[in-house]
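S.K.: Sequence plus predicted model, see below.
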Amino acid sequence: MNVRLRQDAIVRTLRRNGTSTINRLAQEVGTSRRTVLRDIIALRDQGYVIHSDVGRGGGLQLDPQSMQTTAKLSVPEVFALLISVAAMRAAGNLPFSELADAGLAKIEKSLPADKVKDLRAFLGCLHIGQLSPSQNLSDMGTMDRDLLPAFETAFLDRTFIRFDYRDATGKQTQREVEPQAILILPPLWYLVGWDLKREGFRHFRMDRIGQPEAVAGTRFRRRHVPFEDDVCPYSELQKRFA
């Protein structure tokens, strides 16, 4: 169990049981007393009010009114929120846009400086445009939830990304490309990659991508992607609606 899941489990246990001991929590989440103690300190730093009663019959108690006051969102999670808002805005159907922008700004401000840097680098790869009215959407599927975490590693570390791909005819192949950009043409999303074997850019519909993984030990350079005139970077979309 990773740190985030373990700390969430501790909070749920304290809410459910009212009072618990370090030993019971360690047994519940499958870790050591020392790790639970570190997690309690981390949870307090995040804003949770956790009382400690010493002595026989004592234990840990979570104030029922307390809540997390610092964000634990990862870069892909914040990125997913931002690009979802961007896609709705590009499609012209974003209600309560000012409130959405204010909320996202607060989330971004709560991130550590290194995560903000990663987020902005990630957003620098994002482009928005309009889908052709003649595009066939009858075979549109759902996107693999592992795409964004894999993209985070591949885009930020500039490593190749490998994935299974199903083309328009249903043919399955395995591809390995340089991830150069993410293109949103609502409601379709594309990975724009440079294919070394074909010596050119290729657009891969994300709903046709499966089993994505960043390829360790590989490196690539940024290339200029020749987008159509009606496609703009995410940063330009922000300025347009500022």
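M.R.: Done, it's in. Numbering: from 1, shown residues only.
S.K.: For residue 84, the count of nearby residues, please.
M.R.: Other residues near residue 84 number 14, with proximity taken as other CB atoms under 10 Å. The way it works is simple: take the backbone N, C-alpha and C, and place the C-beta from them, glycine included.
S.K.: So which bits of the helix or strand hosting it are buried?
M.R.: Using DSSP states H and E, residue 84 falls within helix 75-90. The neighbour-count check on helix 75-90 (16 or more other CB atoms under 10 Å) flags 75, 76, 78, 79, 81, 82, 83, 85, 86, 87, 89, 90 as buried.
S.K.: how about the nearest residue to the fifth one, chain neighbours excluded?
M.R.: Which is residue 81. Leaving aside its sequence neighbours, residue 81 sits nearest to residue 104 (CB to CB, 6 or more residues apart in numbering; 6.2 Å).
S.K.: could you point out which element follows the helix or strand containing the one you found?
M.R.: Element membership for residue 104, per DSSP H and E: helix 97-109. Heading C-terminal from helix 97-109, the first helix or strand you meet, by DSSP H and E, is helix 113-123.
S.K.: Give the other helices and strands that that next one contacts.
M.R.: helix 75-90, helix 147-157 (3 or more CB pairs under 8 Å, 6 or more residues apart in numbering; DSSP states H and E).
S.K.: so who does the residue lying closest to residue 176 once chain neighbours are set aside touch?
M.R.: Closest residue to residue 176 apart from its sequence neighbours, by CB to CB, 6+ apart: residue 162 at 4.5 Å. Residues near residue 162 by CB atoms under 8 Å, 6 or more residues apart in numbering: 174, 175, 176, 212, 213, 214, 215.
S.K.: So which of these sit within helices?
M.R.: Among these, DSSP state H puts none in helices.
S.K.: burial count for the residue nearest to residue 81?
M.R.: By other CB under 10 Å, the residues close to residue 104 number 16.
S.K.: I'd say it and residue 86 touch.
M.R.: No: using CB atoms under 8 Å, residue 104 is not in contact with residue 86, being 10.0 Å away.
S.K.: can I see the domain layout of this structure?
M.R.: Following automatic domain parsing, the chain resolves into domains at 3-62, 75-240.
S.K.: Secondary structure element holding residue 137?
M.R.: According to DSSP H and E, residue 137 maps onto no helix or strand at all.
S.K.: Please report how far the residue nearest to residue 81 lies from residue 4.
M.R.: 21 Å (CB to CB, to the nearest Å).
S.K.: Low-confidence regions, this protein specifically.
M.R.: 1, 54-58, 67-72, 89-94, 97, 237-242 (pLDDT under 70).
S.K.: Show me which residues of stretch 6-20 are buried.
M.R.: Counting neighbours by 16+ other CB under 10 Å, stretch 6-20 gives 6, 7, 8, 9, 10, 11, 13, 14, 20 as buried.
S.K.: which strand of the chain spans the most residues?
M.R.: Assignment by DSSP state E gives strand 172-185 as the longest strand of the chain.
S.K.: Run me through the strand neighbours of that one, direction for each.
M.R.: Strand 172-185 has its sheet partners listed here by DSSP bridges as strand 126-128 (parallel), strand 161-166 (antiparallel), strand 188-195 (antiparallel).
S.K.: circling back: may I see the buried residues of helix 75-90 arranged in CSV, with distance to residue 145 as well?
M.R.: Below are the buried residues of helix 75-90 laid out as CSV (distance: CB to CB, whole Å):
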residue, distance to residue 145
75, 15
76, 10
78, 16
79, 13
81, 14
82, 17
83, 14
85, 19
86, 19
87, 17
89, 23
90, 22
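S.K.: Which one of the residues you listed is nearest to residue 188?
M.R.: Nearest to residue 188 out of the buried residues of helix 75-90 is residue 87 (CB to CB; 9.9 Å).
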